[in-house]
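Chemist: here's a sequence, model it:
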Amino acid sequence: MMTNWNLYYYRTKNKAEIDLIIDGPFGILPIEIKKGLTVRRSNLKFLSQFIDEKKLPFGLVINQSEKTEWLTKKIFQIPVGWL
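Modeler: Sure, this is the predicted structure:
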């Protein structure tokens, strides 16, 4: 099955990065993938900046957490086990 999605990795000259960008008919979805159970807010700085600069409604963090929750106003956490 073919999709109209483009998948890519994003990295700036300053080495700020986003693990996965999904770009498709629905818009752009930035995703950070973290190994741990929790995410420090300081580790979400670039994702937040990217969301604001691109005027996106939200971004995702996928990690080992046990619950879904909003980590910030525009960053939602999804446990990898939910996928």
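Chemist: now residue 50: which helix or strand?
Modeler: helix 45-53 (DSSP states H and E).
Chemist: residues contacting residue 16?
Modeler: Neighbouring residues of residue 16 by CB atoms under 8 Å, 6 or more residues apart in numbering: 46, 49. In this view, the C-beta of every residue, glycine as well, is placed from N, C-alpha and C.
Chemist: other SSEs contacting the helix holding residue 50?
Modeler: strand 17-24, strand 27-33, strand 59-63, strand 75-79 (3 or more CB pairs under 8 Å, 6 or more residues apart in numbering; DSSP states H and E).
Chemist: who's in contact with the first one?
Modeler: Strand 17-24 is touched from outside by 3-11, 28-33, 46-47, 50, 59, with contacts defined as CB under 8 Å, 6+ apart.
Chemist: residue ranges in the protein under the pLDDT threshold?
Modeler: The model of the chain has pLDDT under 70 over residues 1-2.
Chemist: count of neighbours near the spatially closest residue to residue 10 that is not a sequence neighbour?
Modeler: Setting aside the residues directly before and after it, residue 10 is nearest to residue 18 in space (CB to CB, 6 or more residues apart in numbering), at 4.3 Å. As a burial measure, residue 18 scores 20 neighbours (other CB atoms under 10 Å).
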